[in-house]
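Asker: fold the following.
(2 chains)
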Amino acid sequence: MRNLYHNKIAQWVVYVAFFAALAIIPVTVSDSFLLNQLSTYGVYGMLALSISLCWGFGGILNLGQGIAFGLGAYGMAMTMQMQSQTESNPIPPFMLNNSLDHLPMLWQPFQSTAFGLILAVAVPTLFCAVFGGIMFRARVSGPFFAIMTLAMLSAFYTIILDRQAYTGGVNGLTPPSAFQFAGVEIDPYSPTAYWVVFGFLMGATLVAKLITQSSFGLVAQAIREDSERVRFLGYSVAGYETVIYTISGLIAAIAGCCWVMLVQYVSPAQLDVGFSLSMVIWAAIGGRHSLLGSILGAFIIQGAQSYLGDTFLATWLLILGGFFIVVVRFLPNGLASLVETGLGLFERRNPTSSPAPDGGRHMPAE
Amino acid sequence: MDLGSLLNALILGVSIASIWLIAALGLTIIYGTAGVINMAHGELIMLGAYSSYMLQFYLGLPYLLCLPASFVIVGLVLERCLIRYLYNRPLDTLLATYGVSLVLMQGVRLLFGSDPKYLAVPEIFQSNVMLGSVSISVFRVVVLLVTTLLVLALWLLFYKTRFGVQVRAVMQNKEMAASFGINSGRIYMMTFALGAGLAGVAGALFGVLAIVLPTMGASYVVQAFLMVVVGGGSLAGSVVASGATGELQSVFAFFTNDTLARFIIFVLIVVFLRFRPQGLFAQAGARR
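Answerer: Here you go, the predicted structure:
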């Protein structure tokens, strides 16, 4: 084995250790507000993971992941809002303020929690499938696709802002009580909420890891390297791209649901261009070719933001921007590639390892 | 639904189109030549607005004259320090320039604060002119004139000068051009500087039409990129794309409202790209 970094068994060991370490955090942390904050990191991790899958492995730079995240979050918030409405009081207060006298069609399915949850995940996923299908079939790719997602994001942002009576406008939605599922209320500050979120993160990571190791994942990575050649080999490039983009959107939609469960709030800020771009920054800095690297990138950047952001609020973005430039310029594969290089150096000193003709440098990381 | 207000909407459409175009011109040139996605373009526009604010505030100079020159220098510095290492990596240029835009936006916020600044319109431009029953502010006419002049000047530059021939040669085939003795690195550098200079002009004009804020650039850059995508990365494409979408937006806004009009336009663009992904006038040999 030439580089431990590419050893599949070693990778799985690291994954198990990582999630085992995450799972015991609620046992050691008793501060419920800190626990809630750590849970939101799980959501950020899911988003970074979805970007890594789409961009790092599929080669599709998606600057509009906030669409899937935001639609999922709005679906969840609508479900939670309707849970607080009763027979005698069926209309959320903000609608009354906007002088609506009946529940809009758009909201009616969310009266059922199960149906609302399904919609919260299915609508963004379906959107990704349709939008991705149209774009990739037209062979819009690379930077042009990135720009289209960005424009789509701002289109959603403005429309949610504009339709105040249906979406709460700039104030967004603030469901008054915690999410109830099967008669149980999930307190967002409880270890239960933490485990739910990290369960989803672990599940998503597992699925993503298996996808990247499957033959589907190999074709997706081949498309990233040279889509023309894959097309000449007879693969439906658009089909593969659509599927990987849709799976990535599905993960982001689940992240959106988890996020609202944790913070009981959603607003157009979740569809802000800056937020979607910061997801890309997490993945880029952590290492987009590495699923775990991206998740850690989200943890590190968001952790630094909440730590430094309080003390150096004004300069934080300056630091982040500068760091981002340096990483893109000198370390295109992110911090994870440092680990790869480090392990490679270690192996080279070890004379028993077999010589590798190309050093495996250009192999996908995982 | 009287004819006068529809005419008004159409004339407003020309004005919107000229603004989109002027934001898109620099982007088009940089993308069309070097394949660089300059996400910092919006922030260069923002810087243009701020520097004209400063010029006006401290010196009272005719800003349209000094701005382009200073932005050519900004472009040169940016290109030499960062962009030139990222040619042939279009996605990375997008990311790196987004980093630049974060730094610029936050830097300006630190220097000037987040409160809006206002650019005074020169007195001669403050009035309105009547065109039939429609009243148009003179400054919008000035914007339109400047846009027309810029397009004309760029057309002359690219199609009637030696530099233009070299740019087009590099655009078609970089290696071939290099073997004929054209320094493609220098061409890239100069087009980037030119694009940045155009952003400076745009900033000076937008500063008058809108409020000057550190975050103002972000709203322009997405819209401008759409024009580049629809246009196919060519100069003529961007002109037609801006014109058509500006008019359509204005007409839709006349029947619905501004936000819905933007949304409809966007859906139309997606549908358009489904059938013509290469854009209106894709250049032969232009990358990707």
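
Asker: quick check: which element contains residue 146?
Answerer: You didn't pick a chain, so chain A it is. A:A146 belongs to helix A:142-162 when assigned by DSSP states H and E.

Asker: if you could check chain B rather than the one you did, that'd help
Answerer: helix B:138-160.

Asker: give me the contact list for that helix.
Answerer: B:14-15, B:18-19, B:21-22, B:25, B:29, B:64, B:121, B:124-129, B:163-164, B:167-168, B:198, B:201, B:205, B:208-209, B:235, B:239 (C-beta atoms under 8 Å, 6 or more residues apart in numbering or on different chains). Glycine gets a C-beta too; all of them are placed from N, C-alpha and C.

Asker: gap between B:F281 and chain A?
Answerer: B:F281 sits at a distance of 15 Å from chain A (criterion: C-beta to the nearest C-beta, to the nearest Å).

Asker: can you confirm that residue is in a strand?
Answerer: No: B:F281 is assigned coil when assessed by DSSP: H, G, I helix; E, B strand; the rest coil, not a strand.

Asker: that one: what's it in contact with?
Answerer: B:F281 makes contacts with B:231-232, B:234, B:236-237, B:240, as judged by C-beta under 8 Å, 6+ apart.

Asker: next step: these restricted to helices.
Answerer: Among these, the ones falling in helices (DSSP state H) are B:231, B:236-237, B:240.

Asker: and those residues as JSON lines, adding pLDDT?
Answerer: Formatted as JSON lines, those follow (pLDDT from 0 to 100):
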{"residue": "B:G231", "pLDDT": "88"}
{"residue": "B:A236", "pLDDT": "88"}
{"residue": "B:G237", "pLDDT": "89"}
{"residue": "B:V240", "pLDDT": "91"}
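
Asker: now do the longest helix along chain B and helix A:142-162, the angle between them.
Answerer: In chain B, taking DSSP H as the definition, the longest helix is helix B:3-34. Orientation check (axes from the mean of the first three to the mean of the last three C-alpha atoms, to 10 degrees): helix B:3-34 against helix A:142-162 gives 150 degrees.

Asker: which strands and helices sit next to helix B:3-34?
Answerer: Here helix B:3-34 touches helix B:41-54, strand B:134-137, helix B:138-160, helix B:162-172, helix B:184-209, helix B:216-231, helix B:235-255, going by 3 or more C-beta pairs under 8 Å, 6 or more residues apart in numbering or on different chains; DSSP states H and E.

Asker: in TSV: the ones you listed, plus distance to A:Y157 and mean neighbour count.
Answerer: Formatted as TSV, the helices and strands packed on helix B:3-34 follow (distance: least, C-beta to C-beta, whole Å; neighbours: other C-beta atoms under 10 Å in any protein chain shown):
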stretch	distance to A:Y157	mean neighbour count
helix B:41-54	16	26
strand B:134-137	29	16
helix B:138-160	26	16
helix B:162-172	35	17
helix B:184-209	20	24
helix B:216-231	10	25
helix B:235-255	17	21
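
Asker: lowest average confidence across the ones you listed, which one?
Answerer: With a mean of 74, strand B:134-137 has the lowest mean pLDDT of the helices and strands packed on helix B:3-34.

Asker: parallel or antiparallel, list what pairs with that one.
Answerer: strand B:128-131 (antiparallel) (DSSP bridges).

Asker: off-centre distance for the partner strand?
Answerer: Counting by C-alpha atoms, centre = their mean, to the nearest Å, strand B:128-131 is centred 27 Å from the centre of its parent chain.

Asker: contacts for the helix or strand hosting B:L78 next, please.
Answerer: Assigned by DSSP H and E, B:L78 belongs to helix B:63-81. Under the criterion C-beta under 8 Å, 6+ apart, residues B:40, B:44, B:47-48, B:51-52, B:55-56, B:100, B:146, B:188-189, B:192-201, B:203-204 lie in contact with helix B:63-81.

Asker: follow-up on the earlier one: just give me the closest of the ones in helices among the contacts of B:F281 to chain A.
Answerer: Nearest to chain A among the ones in helices among the contacts of B:F281: B:G231, at 11.7 Å, using C-beta to the nearest C-beta.

Asker: my read: the closest one touches B:S238, true?
Answerer: Yes: counting by C-beta atoms under 8 Å, B:G231 does reach B:S238; the two are 3.9 Å apart.

Asker: common neighbours of the two, please.
Answerer: With C-beta under 8 Å, 6+ apart as the test, B:G231 and B:S238 both reach B:24, B:28.

Asker: so how far is the helix or strand containing A:G199 off the chain centroid?
Answerer: For A:G199, the host element (DSSP H and E) is helix A:191-213. Relative to the centre of its chain, helix A:191-213 is centred 11 Å away, using C-alpha atoms, centre = their mean.

Asker: following element in sequence after that helix, please.
Answerer: Assigned by DSSP H and E, the successor of helix A:191-213 is helix A:215-225.

Asker: the very next helix or strand once past that next one and chain B in contact?
Answerer: Counting by DSSP H and E, the next helix or strand C-terminal to helix A:215-225 is helix A:227-232. No: if you take C-beta under 8 Å from any C-beta of the partner chain as the test, helix A:227-232 misses chain B, and the best it gets is 10.6 Å.

Asker: pull out the buried positions in helix A:227-232.
Answerer: Within helix A:227-232, the residues that count as buried by 16 or more other C-beta atoms under 10 Å in any protein chain shown are A:227, A:230.

Asker: what's in contact with it?
Answerer: When contacts are defined by C-beta under 8 Å, 6+ apart, helix A:227-232 is touched by residues A:59, A:141, A:219, A:222-223, A:237, A:240.

Asker: ok, now with 7 Å
Answerer: Residues external to helix A:227-232 that are found in contact with it (C-beta atoms under 7 Å, 6 or more residues apart in numbering or on different chains): A:141, A:219, A:222-223, A:237.

Asker: can I get it as PDB, trimmed to CA atoms?
Answerer: Provided in PDB are the C-alpha atoms of helix A:227-232 (Å, rounded to 0.1, in the frame of the first residue of the first chain):
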ATOM      1  CA  SER A 227     -16.600  14.700 -19.600                       C
ATOM      2  CA  GLU A 228     -16.000  14.500 -23.400                       C
ATOM      3  CA  ARG A 229     -14.100  11.200 -23.200                       C
ATOM      4  CA  VAL A 230     -16.700   9.700 -20.900                       C
ATOM      5  CA  ARG A 231     -19.400  10.700 -23.400                       C
ATOM      6  CA  PHE A 232     -17.400   9.100 -26.200                       C
END
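
Asker: check which helices and strands the helix or strand just after that helix sits against.
Answerer: Counting by DSSP H and E, the next helix or strand C-terminal to helix A:227-232 is helix A:237-263. Judged by 3 or more C-beta pairs under 7 Å, 6 or more residues apart in numbering or on different chains; DSSP states H and E, the packing partners of helix A:237-263 are helix A:32-51, helix A:65-83, helix A:113-137, helix A:191-213, helix A:215-225, helix A:227-232.
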